[in-house]
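A.B. asks: Requesting a structural model of the entry that follows:
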Amino acid sequence: MMLKFEEANYLSVCNKRRLFENCPPHFECIDFNLYTSEKKVSDWIFENTEGRFWLGQHVTANLKNDSNRINYRAGFEISSEASYFALMMDQFNYDGIKLAF
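C.D. replies: Below is the predicted model:
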C-alpha cells in the first residue's frame, strides 16, 4: 500500500486490490509482452492506480496456423486506469535497453 497522495486506499488496506483467481469479465483488459519482471509491473500498478486489477499470463490461440502464444494480460476495473496503463507501459516494461530515437 502506497501513501502517494497521503490517503489510505480501502482496497489496499484490506488486501483486495489485486485479484489472483481469474480476471472478471467486466474488467478492461490490456494484452502485452512482458519484457521485465512481473513484480515491476504490479508495483507500478499499485503505485499509480486506485482500483482493483488482475495481472497474469494469458494464452492467445491463433486459429490460422494452430499455434498458441503466451503473453501477459492486465485487467482493470476502472477503464481509465487501463488506458493510463497502456499509455505508460513503455516507461516501465522494457528489458533494460532503451533505444534513443
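A.B. asks: Might you list the low-confidence residue ranges for the chain?
C.D. replies: 1-6, 62-63, 65-69, 96-101 (pLDDT under 70).
A.B. asks: Strands of this structure, residue ranges please.
C.D. replies: Assigned by DSSP state E, the strands in the chain fall at 18-19, 28-32, 53-62, 67-76.
A.B. asks: any chance of those in JSON lines, with distance to residue 44 too?
C.D. replies: Quick note: C-beta positions are derived from backbone N, CA and C, even for glycine. Output for the strands of the chain, formatted as JSON lines (distance: least, Cβ to Cβ, whole Å):
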{"stretch": "strand 18-19", "distance to residue 44": "13"}
{"stretch": "strand 28-32", "distance to residue 44": "12"}
{"stretch": "strand 53-62", "distance to residue 44": "10"}
{"stretch": "strand 67-76", "distance to residue 44": "10"}
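A.B. asks: surely residue 52 meets residue 14?
C.D. replies: No: applying Cβ atoms under 8 Å as the test, residue 52 and residue 14 come out as separate, 11.0 Å apart.
A.B. asks: So which of these two has more stuff around it?
C.D. replies: Legend: neighbour count by other Cβ atoms under 10 Å for residue 52 and residue 14, higher for residue 52 (17 against 9).
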